[in-house]
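Chemist: For reference, the sequence and a predicted model appear below.
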Amino acid sequence: MDPSAFPSDFPPLTSSTSSLPPSSSKPLTWDRILTGSPNPTEFTISTLPTPEDIIPFMQDDIAVANDEWNLALVGYSLGRRPFYEALLNAIRKTWNLKGTLKLISLSEGFFLFKFSTQEDYELVWTRGAWFILGRPFIFQKWTPHFSPKREEFNSVPIWFKIHDLPLCCWTPIGISKIATKIGTPMAVDALTASKSRLTYARVCVQVDNTATYPEHIPISVTGKLFNLKIEYEWKPDLCGLCKSTSRRPKSRHISLNSKGILSLPDSKVATSNPPNPPTIANPIAPTAQIEHEQVNAHNTNSSKALPNLNSPTAEPSASGYNPSSDKPIYTSHNQFSALAEPNEPIVSDASSMSEENIDIICLLENRISFSNMHDRWFCANHRIFENEGSFNNFDLASPGRIWIKWNSANISFTPSYTSYQMISGIIKASHSPPFLLTAVYASNSFADRFALWEDLNKVNSLNTLPWVVLGDFNCCRFQSDKKGGNLIPISRLAPFNNFIFESHLLEIPSSGLFHTWYNQRTENPIHLRLDRILANVEWVNTFPNSAYRVVSSSVSDHTPLILKSEALQGTKHRFMFKNFWCHIPEFWSILLSIFDAPTHGNPIVSLYNKLKLLKCKIKAKRWESSNHIEDMCSKLNILHQECQSRMDLDPLNSRICGEFKKLSADLAFYQSTWASWTIQRAKVKWLLKGEEDLKFLYSKIRTRKCFNRKALNGRMQYINYTITNLVAYWIRGSCIPKYTTKIISKLCANFLYFGGSQQRKLHLISWVNTCKPKSKGGLGIASLQALIHAYNCGVISRWYNSLSPLTTWLNIRYHSPWKPTQTSVTPFWKSLSSTARRVKHSFSYIIHRHNTATIMWDHWCKGDNLATLFPNSFPGSECESNTRLCDWINPSGWSIPSSVPDAIRALICDIPISLLDDMNIKWNNSHKTTFRDLYLDYFAQDSDFNLHNLVWHKKHSIRFSAFSWMACMGGLKTAEELIKRNIHIIDSNCPFCHDNFESLAHLLFECEYSFLILCNIIPSFKSFYLRPNLGQALQHVGNLPAQRNFKNGLLLALNATVYHLWRERNNRRFNFAALSASTLTMKIKRAIYFKLSGWKDGDAIKGWLDIRHTGNCMGSGQ
């Protein structure tokens, strides 16, 4: 079959052509033939003859190269050569570099690391050997005499895991004994030392070429045998000739070190990195040290083995590949950072930030260039909050210094002053008064900081707002803020303290760590308190319980600061009585001993004290927690099975039979206790958190929690309910002010279109048009103005047709809603009279002898009032404001005063008097008017939306139909619509075909890609000679000769196609992901299949659309 007969799923790629040089009679030189277009300025070579057989290179010849590579290290990994990308990602994750790094592959598995700064070069070199991708990585300094040759080591450090280790052996002595079976123990990781992860113990040992690497190690605990499983993160390969661990078995053998150990070489000859004493390079050192009875692993003089200086903070994968994801560069922490304090939470990721309820974060020393802010991919991958706002000073400092991000759903940040050392702005939140926040990252230069102090004095010179100043000031307040190094002179402390004194600032109380910076050196360490938070008196008065916490960090040499506006308090939990306590005899003895005590004083106080004492006594017992019951069930179950096995081997042993009976009774007791607790807990946590045995089920339930509220249909229902009840509860007493109506409309619009009330985004359909009825082009959401209009019309109707305290008061106070409004009236009356003037001709009067309409102001006289018809000849004495129509009618007919002019008399006498007196006024000549009629009258002048029955068809899906509605109303943000609003985008071409300008008509369905999908979904469009737009497609489906239910199914399919095409457009434009036409067609058919399930003619519609269900994916009969 000819493939060209079918359209391609993807647009064709632009073909590249190369032009051949024109022919010439002159012969080409070899350099033109062998090279492309040489650039003589990049790398120039020439003829330089040398008479010697051995070409000499003197110091002057290699001076340029020495300057280029003087900050370069050469390294290799023990074992197999790592992949380039894996190594590059691993070192980016492991090293906190200040500058840039260039990684170059060399022969024999060597890599060249070229640094841009001396500080980064010294950081990597002075730390000794590194653990990268789970293996030791050996570094050497580059010299002009360097050649890629490996050194030989007979001993290297490795990490392994001990699984199923009993807790009684989880001690330095126990782990040391087990580790000695493999090699010389060196260290454990931080989680093993703190016993925070009990699934396995992770140990580092030094092994030589005689190591056997057992897979299991048997131990005996008081006669009980345990077989421990050992898992090695990496095993060194031994050379077959020399048994060296530094080379692969098949590599060529060149002896460099006959002793077989990593010795300390002569600095004049060798360039290998000298080792340091074995330590763990985690931020938190383990509190327990491994003991060894025979060999001292720290004796570096006798055996300078390769040390483990930096245990990886993340567990290495089995494949040896350790990718580094490009996460947002806020101050994050590794898994060991929480070990500084047992109960101290660490802001390590988005989930931890949500637990801390952090709404704004200030990032310092970002090392980001200003050009990154224009990279959509970079910005999308560096988001912290779901609804994020951000501001930076990257245009004032290169690279960037301060980056502020905040949760725009909860707070707003308005920058007021910016410099290359600070950013200041006002923060507003619904739960607190506005305050001024200043983020500081001071310069390292003492002179440059004077400009910072002057700028800070200008920020809040009047001290009218609460002001908080936080960040890295790069200087100390007191000499005691520094530990190690030289003493800080008083003169260096004076400028900072003068600024604090002149600005009337105070330091907020803090907790956690004291020092915030460390020079990362084991020799001559220096600790400084450079980061702090200051505030003025207004802040202290507004937030008297505010405090900040200094937490540990692993990704920066500075520690993060967490500011809380309230005092840091522990979470209080209500005391819960557990029913299974009643089955424990010790509980009753405690209860009786407490309540047997004599009562003194007030009985209620005594009862309270006894209950409090009972709670304290219970909490001190092991059986207070359900964990004890669960542990006993597990332990007894194991003992029960072992005893049953022994009884099966020796069935006549009375001792074993008695032990089995006792274990059975104990197991039954604890199992019944656990069942009692499970039943009690289910009543409390069933709907809140789910059961432990149903994690999968409840994970699905939690993912759908509040789903309808977040989706468009849920938000529409919520807004309708809110607006309707708002008017129902408020409008009875007074009308809603215009400013309040404007604010409510703005909040509802943001919530409907973007899912939040604080977003400042562009929506192309105004809220006024959104709240119109569906027949007028809206969503049918209740309009506040229309509801007020309908309510005012109802008040006017009740004014004349019923008697109530409200209508009686209105008659006496205002006489008529059409009377000219005075200046000193209430807003309610202004709203009522404005509505009355608008609907004047919709109300008509029934003239009878009991009608209470006013003679002068009501339009009872042939559709108008007498004051308007006869403004000059109307008598004032006979027609006062309180004169009613019933005063001029008697049982026999009109009784008009004689002072009324003849022209007016003749006009009135021509008006017939009705005999029916049940109503005084009618709405549009109807005797029965509903609130809906009055509501829809507000939109009577708006044009109709003729496609509303096709978009909002019966059994429609709000999610699908809403996007078709937005497309018909011009609410989708295509390039065409944005240009109309003077918003220009970089790529304005269609993301489907990449050839035509992106407009709504082209996307739906003039584009070849979208029209192909439309034909795949609804085959009747294949007969079209020209491609239709959305309106023509809707009319085509609406005009099909089919039953109504069948036609609704086709409209559902068309609206689903519009929805998925727009999502595909957004994925291609913003997420850089694309689906082929066949894949997207399958996805749309899958959605239609589930929507049609349960329809009366659903199977027939699926058959006509050629949709069939095949397992987990949709197929068609093609």
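Modeler: Sure thing, it's come through. A quick note: this is a predicted structure, and the numbers were derived from the prediction, not measured.

Chemist: I figured His953 hits Asn1048, correct?
Modeler: Yes - if you go by Cβ atoms under 8 Å, His953 and Asn1048 touch, sitting 4.8 Å apart. Every residue, glycine included, has its C-beta placed from N, CA and C.

Chemist: any low-confidence regions in the stretch 351-500 of the chain?
Modeler: Along the stretch 351-500 of the chain, segments meeting pLDDT under 70 span 351-356, 366-367, 399-400, 462-463.

Chemist: ranges for the helices of it?
Modeler: 376-380, 448-459, 490-502 (DSSP state H, counting those that start in this stretch).

Chemist: Format those as a markdown table; extra columns: distance to Gly484 and mean neighbour count.
Modeler: Output for the helices of the stretch 351-500 of the chain, formatted as a markdown table (distance: least, Cβ to Cβ, whole Å; neighbours: other Cβ atoms under 10 Å):
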| stretch | distance to Gly484 | mean neighbour count |
| --- | --- | --- |
| helix 376-380 | 39 | 12 |
| helix 448-459 | 22 | 16 |
| helix 490-502 | 16 | 13 |
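
Chemist: export these to CSV and tack on distance to Glu365?
Modeler: As requested, the helices of the stretch 351-500 of the chain are exported to CSV (distance: least, Cβ to Cβ, whole Å):
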stretch, distance to Glu365
helix 376-380, 18
helix 448-459, 15
helix 490-502, 19
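
Chemist: and Asn792, which of the ones you listed is closest to it?
Modeler: Counting by Cβ to Cβ, Asn792 lies closest to helix 376-380 out of these; the figure is 49.3 Å.

Chemist: mind giving me the domain split of this protein?
Modeler: Listed domain ranges for the chain are 64-141, 339-564, 621-699, 948-1115 (source: automatic domain parsing).

Chemist: Tabulate those (TSV), appending distance to Asp858.
Modeler: Compiled in TSV, the domains of the chain are given as follows (distance: least, Cβ to Cβ, whole Å):
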stretch	distance to Asp858
domain 64-141	83
domain 339-564	48
domain 621-699	60
domain 948-1115	38
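
Chemist: Of all the ones you listed, which one comes closest to Ile781?
Modeler: The closest of the domains of the chain to Ile781 is domain 948-1115. By Cβ to Cβ, the value is 11.6 Å.

Chemist: Quick one: mean pLDDT over that closest one.
Modeler: Domain 948-1115 shows a mean pLDDT of 87.

Chemist: likewise stretch 600-618?
Modeler: 87.

Chemist: repeat for stretch 909-927
Modeler: According to the model, stretch 909-927 has a mean pLDDT of 80.

Chemist: Among the domains of the chain, single out whichever gets nearest to Ser926.
Modeler: domain 948-1115 (24.7 Å).

Chemist: so how far is the first residue of stretch 131-148 from its last?
Modeler: Taking Cα to Cα, to the nearest Å, stretch 131-148 runs 20 Å from one end to the other.

Chemist: Tell me how far it lies from the chain's centre.
Modeler: Distance of stretch 131-148 from its chain centroid, counting by Cα atoms, centre = their mean, to the nearest Å, is 40 Å.

Chemist: Tell me which stretches of the stretch 351-500 of the chain form strands.
Modeler: Along the stretch 351-500 of the chain, counting by DSSP state E, counting those that start in this stretch, strands occupy 360-364, 388-392, 402-407, 411-419, 422-429, 432-441, 467-472, 482-483.

Chemist: okay if I get those as a markdown table plus distance to Ser1078 and mean neighbour count?
Modeler: Output for these, formatted as a markdown table (distance: least, Cβ to Cβ, whole Å; neighbours: other Cβ under 10 Å):
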| stretch | distance to Ser1078 | mean neighbour count |
| --- | --- | --- |
| strand 360-364 | 44 | 21 |
| strand 388-392 | 36 | 18 |
| strand 402-407 | 41 | 23 |
| strand 411-419 | 46 | 16 |
| strand 422-429 | 50 | 19 |
| strand 432-441 | 51 | 20 |
| strand 467-472 | 54 | 23 |
| strand 482-483 | 67 | 16 |
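
Chemist: want to throw these into CSV with distance to Leu663?
Modeler: Output for these, formatted as CSV (distance: least, Cβ to Cβ, whole Å):
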stretch, distance to Leu663
strand 360-364, 56
strand 388-392, 59
strand 402-407, 56
strand 411-419, 60
strand 422-429, 60
strand 432-441, 60
strand 467-472, 61
strand 482-483, 59
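
Chemist: Ok, which of the ones you listed comes nearest Tyr1025?
Modeler: Per Cβ to Cβ, nearest to Tyr1025 of the strands of the stretch 351-500 of the chain: strand 388-392, 48.6 Å.

Chemist: In terms of secondary structure, what does the closest one contact?
Modeler: The contact analysis (3 or more Cβ pairs under 8 Å, 6 or more residues apart in numbering; DSSP states H and E) places strand 388-392 against strand 402-407, strand 411-419, strand 422-429.

Chemist: Need those in TSV (columns: distance to Met647).
Modeler: TSV is the format used below for those (distance: least, Cβ to Cβ, whole Å):
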stretch	distance to Met647
strand 402-407	63
strand 411-419	68
strand 422-429	69
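
Chemist: Identify whichever of these lies nearest to Gln822.
Modeler: With Cβ to Cβ as the measure, strand 422-429 is the member of the helices and strands packed on strand 388-392 nearest Gln822 (40.0 Å).

Chemist: Could you list every helix and strand in contact with the closest one?
Modeler: Applying 3+ Cβ pairs under 8 Å, 6+ apart, we find strand 422-429 packed against strand 388-392, strand 402-407, strand 411-419, strand 432-441, helix 448-459.

Chemist: just to revisit the earlier point, identify whichever of the strands of the stretch 351-500 of the chain lies nearest to Leu611.
Modeler: With Cβ to Cβ, the closest approach to Leu611 among those belongs to strand 432-441: 37.8 Å.

Chemist: what are the pairing partners of the closest one, and which direction each?
Modeler: Strand pairing for strand 432-441, determined by DSSP bridges: strand 422-429 (antiparallel), strand 467-472 (parallel).

Chemist: Between these, which one is closest to Leu869.
Modeler: strand 422-429 (56.7 Å).

Chemist: so how far is that closest one off the chain centroid?
Modeler: Going by Cα atoms, centre = their mean, where strand 422-429 is centred and where its chain is centred differ by 22 Å.

Chemist: what do you get for stretch 713-726?
Modeler: Stretch 713-726 has its C-alpha centroid displaced from the chain centroid by 26 Å (Cα atoms, centre = their mean).

Chemist: among the strands of the stretch 351-500 of the chain, which is nearest Gly109?
Modeler: Nearest to Gly109, of the strands of the stretch 351-500 of the chain and by Cβ to Cβ, is strand 360-364 at 37.9 Å.

Chemist: Can you list the neighbours in contact with the closest one?
Modeler: Identification of contacts with strand 360-364 by Cβ atoms under 8 Å, 6 or more residues apart in numbering yields 329-331, 353, 384, 401-407, 411, 413, 423, 427, 437, 439, 441, 470-472, 558.

Chemist: Okay, angle between it and strand 402-407 too, please.
Modeler: Angle of strand 360-364 versus strand 402-407, following axes from the mean of the first three to the mean of the last three Cα atoms, to 10 degrees, is 160 degrees.

Chemist: Show me which residues of stretch 906-924 are buried.
Modeler: For stretch 906-924, a neighbour-count test (16 or more other Cβ atoms under 10 Å) marks 908, 919-923 as buried.

Chemist: for stretch 967-974, that is, sorry about that
Modeler: Neighbour-count burial for stretch 967-974 [16+ other Cβ under 10 Å]: 967-969, 971-974.
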